[in-house]
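> got a structure for you, letters missing:
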Ligand code: DC
């Protein structure tokens, strides 16, 4: 079974998806981390980000794996490095490159094959897994998302940018995510929209879990009905 969670930056997708996957006993796929991993590798290799060929050539050579909620890049655990501001800034070049997207989409589909997965990103329900059994579209106002991001920055103990800076950066990421020619952020057809302003994380996860369990029960009931023998015609 595949559950997709899409939505803008700062809507709480990662936190919610991770918790939902744990509650359901599903695997969790953080596709943003894959884009970030390619960005980190590009920074390290010092390649020209504006050359449309160099990024995909590099991406295809990388070994990107998830293990127990950590991302390994060519065998190195880079999970913490992926959240660095320079990686966030560079990830847009990766996300805007169609050849890199095509490669990462192939990896995402391979990962999900034969598993129960909660997958999270921008294009999961619309493009990567249009056949997903449950699709969510998680939203929050830009102001609420900026407040959340600011709290995350402050929690790291590093010097935090101002609220205005965070808000401006989020709005420009929204703009880029929505205007990408391929794989842009849209509410996927059939997705359930969950506005999260004013809701705490456990409440959001409760809602999503209840919906998924409902779908699981309905699917199971249908499968049982289809596989149980039909009563004989008494005539
Ligand atoms: O969700 P995030 O901030 O970790 O995403 C990192 C970058 O990758 C961001 O530029 C959006 C992009 N991205 C994407 O284009 N498609 C996805 N499925 C996931 C992330």
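Good, I have the coordinates. Just so you know, these numbers come straight off a predicted model, no measurement behind them.
> from here on, contacts and neighbour counts on C-alpha atoms
Will do.
> check which helices and strands the helix ranked longest in the chain sits against.
Across the chain, the longest stretch assigned as helix under DSSP state H is helix 201-227. When contacts are defined as 3 or more Cα pairs under 8 Å, 6 or more residues apart in numbering; DSSP states H and E, helix 201-227 sits against helix 13-24.
> tell me which element residue 186 is part of?
For residue 186, there is no helix or strand it lies in under DSSP states H and E.
> same check on residue 9?
Judged by DSSP H and E, residue 9 forms part of no helix or strand.
> now do the contacts for it.
Applying Cα atoms under 8 Å, 6 or more residues apart in numbering, we find residue 9 in contact with 145, 170, 173, 174.
> so is the third one in a helix, a strand, or just coil?
When you say that, I think you mean residue 173. helix (DSSP: H, G, I helix; E, B strand; the rest coil).
> okay, now it: neighbour count?
Per other Cα atoms under 10 Å, the neighbour tally for residue 173 reads 16.
> please apply the same query to the last one.
For residue 174, the tally of surrounding residues (other Cα under 10 Å) stands at 16.
> likewise for the first one?
The burial count assigned to residue 145 is 23, neighbours taken as other Cα under 10 Å.
> residue numbers of the chain in contact with the ligand?
Neighbours of the ligand within the chain, by Cα under 6 Å from any ligand atom: 9, 31-33, 35-36, 91-92, 95, 121-124.
> can I get these in JSON lines including secondary structure and pLDDT?
Putting these into JSON lines (DSSP: H, G, I helix; E, B strand; the rest coil; pLDDT from 0 to 100) gives the following:
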{"residue": "9", "secondary structure": "coil", "pLDDT": "92"}
{"residue": "31", "secondary structure": "helix", "pLDDT": "98"}
{"residue": "32", "secondary structure": "helix", "pLDDT": "96"}
{"residue": "33", "secondary structure": "helix", "pLDDT": "97"}
{"residue": "35", "secondary structure": "helix", "pLDDT": "98"}
{"residue": "36", "secondary structure": "helix", "pLDDT": "98"}
{"residue": "91", "secondary structure": "helix", "pLDDT": "95"}
{"residue": "92", "secondary structure": "helix", "pLDDT": "93"}
{"residue": "95", "secondary structure": "helix", "pLDDT": "95"}
{"residue": "121", "secondary structure": "strand", "pLDDT": "97"}
{"residue": "122", "secondary structure": "coil", "pLDDT": "96"}
{"residue": "123", "secondary structure": "coil", "pLDDT": "97"}
{"residue": "124", "secondary structure": "helix", "pLDDT": "98"}
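> confirm that residue 135 sits in a strand.
Yes: counting by three-state DSSP, residue 135 is located in a strand.
> for it, list the residues it contacts.
3, 4, 5, 6, 125, 188, 190, 191, 192.
> residue 119 touches residue 13, doesn't it?
No: contact status for residue 119 versus residue 13: not in contact, 9.5 Å apart, counting by Cα atoms under 8 Å.
> among those two, which residue is more densely surrounded?
residue 119 (28 against 23).
> then the more buried one would be within a helix, right?
No: assessed by three-state DSSP, residue 119 does not belong to a helix; its assignment is strand.
> pLDDT score for it?
Looking at residue 119, its pLDDT stands at 98.
> what's across from it in the sheet?
For residue 119, the beta-bridge partners are residue 4, residue 29 (DSSP bridges).
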